[in-house]
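Asker: sequence unknown, structure follows:
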């Protein structure tokens, strides 16, 4: 991870998050903005590898930046850094396309570890958030036998996505083109009603494509 942008309205918190990113990704270049408008302007001017976004901003909701990024900068890895741990904020952000969701009240070392997991293909999720997501998907009715919406190949791709494989890794493992993997991924997301790897990984557990601990 070489570049990142932080959109956070509290100055002390911006500085703290910047130091976290520096520890998680030594040498990373970090830009900071305090408003949704400032964040949008910065994102429009250049590409960033990582966007660390607050939800509650003086001039709007950070989720609008998530939606913009998914349309205009799909390669940017999006993580919400917030105090909100309720279902409404969590699932709104994930459905918009956020890849991770971190609560700011965690110990510094844990946040650094969770951010560093991005490079290992692990969606950065605070433990309480991961538990909330698992409860949500356990409560969702499983499809009956014969009603799995995915083809066998899509299940293979989903399983590899859930294990943190990159598009190139999946293409190599399955002997198909990277563009074909992208097509399968879009189809999987559409059929499952998800918009990011974190949600897809949990759906993989729900569908039995991978085990919860695998």
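Answerer: Arrived safely, thanks for sending. Nothing here was measured: the structure is a model prediction, and the numbers come from that model.
Asker: any idea of the pLDDT on the nearest residue to residue 1 once chain neighbours are set aside?
Answerer: Leaving aside its chain neighbours, residue 1 sits nearest to residue 25 (4.2 Å; criterion: Cβ to Cβ, 6 or more residues apart in numbering). Placement of C-beta: from N, CA and C, glycine included. pLDDT, residue 25: 96.
Asker: ok, now residue 139?
Answerer: pLDDT, residue 139: 53.
Asker: what do you get for residue 77?
Answerer: pLDDT, residue 77: 94.
Asker: What about the closest residue to it other than its chain neighbours, how many residues nearby?
Answerer: What sits nearest to residue 77 in space, not counting adjacent residues and going by Cβ to Cβ, 6+ apart, is residue 50, at 4.9 Å. Using other Cβ atoms under 10 Å, the number of residues around residue 50 comes to 23.
Asker: Quick check: residue 50 touching residue 75?
Answerer: No: taking contacts as Cβ atoms under 8 Å, residue 50 lies outside contact range of residue 75: 10.5 Å.
Asker: The residue nearest to residue 77 bridge partners, please.
Answerer: For residue 50, the beta-bridge partners are residue 4, residue 77 (DSSP bridges).
Asker: Could you do the one 10 residues further on as well?
Answerer: Legend: beta-bridge partners of residue 60 under DSSP bridges are residue 57.
Asker: Contacts only, for it.
Answerer: Contacts for residue 60 were tallied using Cβ atoms under 8 Å, 6 or more residues apart in numbering; they are 35, 36, 37.
Asker: Mind checking which of those residues land in helices?
Answerer: 36, 37 (DSSP state H).
Asker: Top of the contacts of residue 60 by number of neighbours, please.
Answerer: That'd be residue 36 among the contacts of residue 60, by other Cβ under 10 Å, with 22 neighbours.
Asker: I'd like the next helix or strand past the helix or strand of the chain with the lowest mean pLDDT.
Answerer: Least confident helix or strand, the chain: helix 127-138 with a mean of 68, by mean pLDDT, DSSP states H and E. Sequence-wise, the next helix or strand downstream of helix 127-138 (DSSP states H and E) is helix 152-162.
Asker: got the residue ranges for the strands in the protein?
Answerer: Counting by DSSP state E, the chain has strands at residues 3-7, 29-33, 50-53, 56-57, 60-61, 77-82, 100-103.
Asker: on that earlier part again, so the residue nearest to residue 1 touches residue 116, yeah?
Answerer: Yes: at 7.4 Å, residue 25 counts as touching residue 116 under the criterion of Cβ under 8 Å.
Asker: So between the two, which is more surrounded?
Answerer: residue 25 (21 against 16).
Asker: Phi, psi for that one please.
Answerer: phi -130, psi 80 (degrees, to the nearest 10).
Asker: switch to numbering from 17
Answerer: Happy to do that; since the first residue is 17 now, the last one works out to residue 41.
Asker: Next, work out how far apart residue 224 and residue 106 are.
Answerer: According to Cβ to Cβ, to the nearest Å, residue 224 stands 24 Å off from residue 106.
Asker: Comparing those two, which shows the higher neighbour count?
Answerer: residue 106 (22 against 11).
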